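1. Let's see this in three dimensions:
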Amino acid sequence: VQLVESGGGLVQAGGSLRLSCAASGRTAPWFGMGWFRQAPGKEREFVAAISWSGGMPRYGDSVKGRFTISRDNGKNTVFLQMNSLESEDTAVYYCAVEIRPGGRGASDFGSWGQGTQVTVSS
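-> Okay, here's the model as predicted:
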């Protein structure tokens, strides 16, 4: 599976962005998918994940209530709607395929994309 993220950019604090993750290759709708982010000098952080059916979304504590993960299996695409952005949300955002259902660690996911930069100006 190859994953390509898009939708990143520069936005002012309080603004919104919608990230997309398009899957190609050996795709299947029954994979769970997740989003992580990594800021300079920090470890990769769990942001959100969603089951293959689109149900059971789960979120990292720092984004809960502001970010929403969704998917369109017909288009092999996963989305991350980010609202009320803060400067602390500045990072490279990655999507990945869930290897171990329910996990929140980077080792629970695989087939990482190249990432898309999100910069929030205060």
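
2. was I right about Tyr94 contacting Gln38?
-> Yes: in this structure Tyr94 lies within contact range of Gln38 using CB atoms under 8 Å: 7.1 Å. Using the backbone N, CA and C atoms, a C-beta is placed for each residue, glycine as well.

3. overlap in contacts of these two?
-> Residues touching both Tyr94 and Gln38 by CB atoms under 8 Å, 6 or more residues apart in numbering: Arg44, Gly115.

4. can you give me the strands in this structure?
-> Taking DSSP state E to define them, one finds strands in the chain at 2-6, 9-12, 17-24, 33-38, 45-50, 58-59, 67-72, 77-82, 91-98, 109-110, 116-121.

5. Would you reformat those strands as JSON lines and include mean pLDDT and mean neighbour count?
-> What follows is the strands of the chain, written out as JSON lines (pLDDT from 0 to 100; neighbours: other CB atoms under 10 Å):
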{"stretch": "strand 2-6", "mean pLDDT": "96", "mean neighbour count": "17"}
{"stretch": "strand 9-12", "mean pLDDT": "98", "mean neighbour count": "13"}
{"stretch": "strand 17-24", "mean pLDDT": "96", "mean neighbour count": "19"}
{"stretch": "strand 33-38", "mean pLDDT": "97", "mean neighbour count": "24"}
{"stretch": "strand 45-50", "mean pLDDT": "98", "mean neighbour count": "22"}
{"stretch": "strand 58-59", "mean pLDDT": "98", "mean neighbour count": "18"}
{"stretch": "strand 67-72", "mean pLDDT": "96", "mean neighbour count": "18"}
{"stretch": "strand 77-82", "mean pLDDT": "97", "mean neighbour count": "22"}
{"stretch": "strand 91-98", "mean pLDDT": "97", "mean neighbour count": "23"}
{"stretch": "strand 109-110", "mean pLDDT": "95", "mean neighbour count": "19"}
{"stretch": "strand 116-121", "mean pLDDT": "98", "mean neighbour count": "17"}
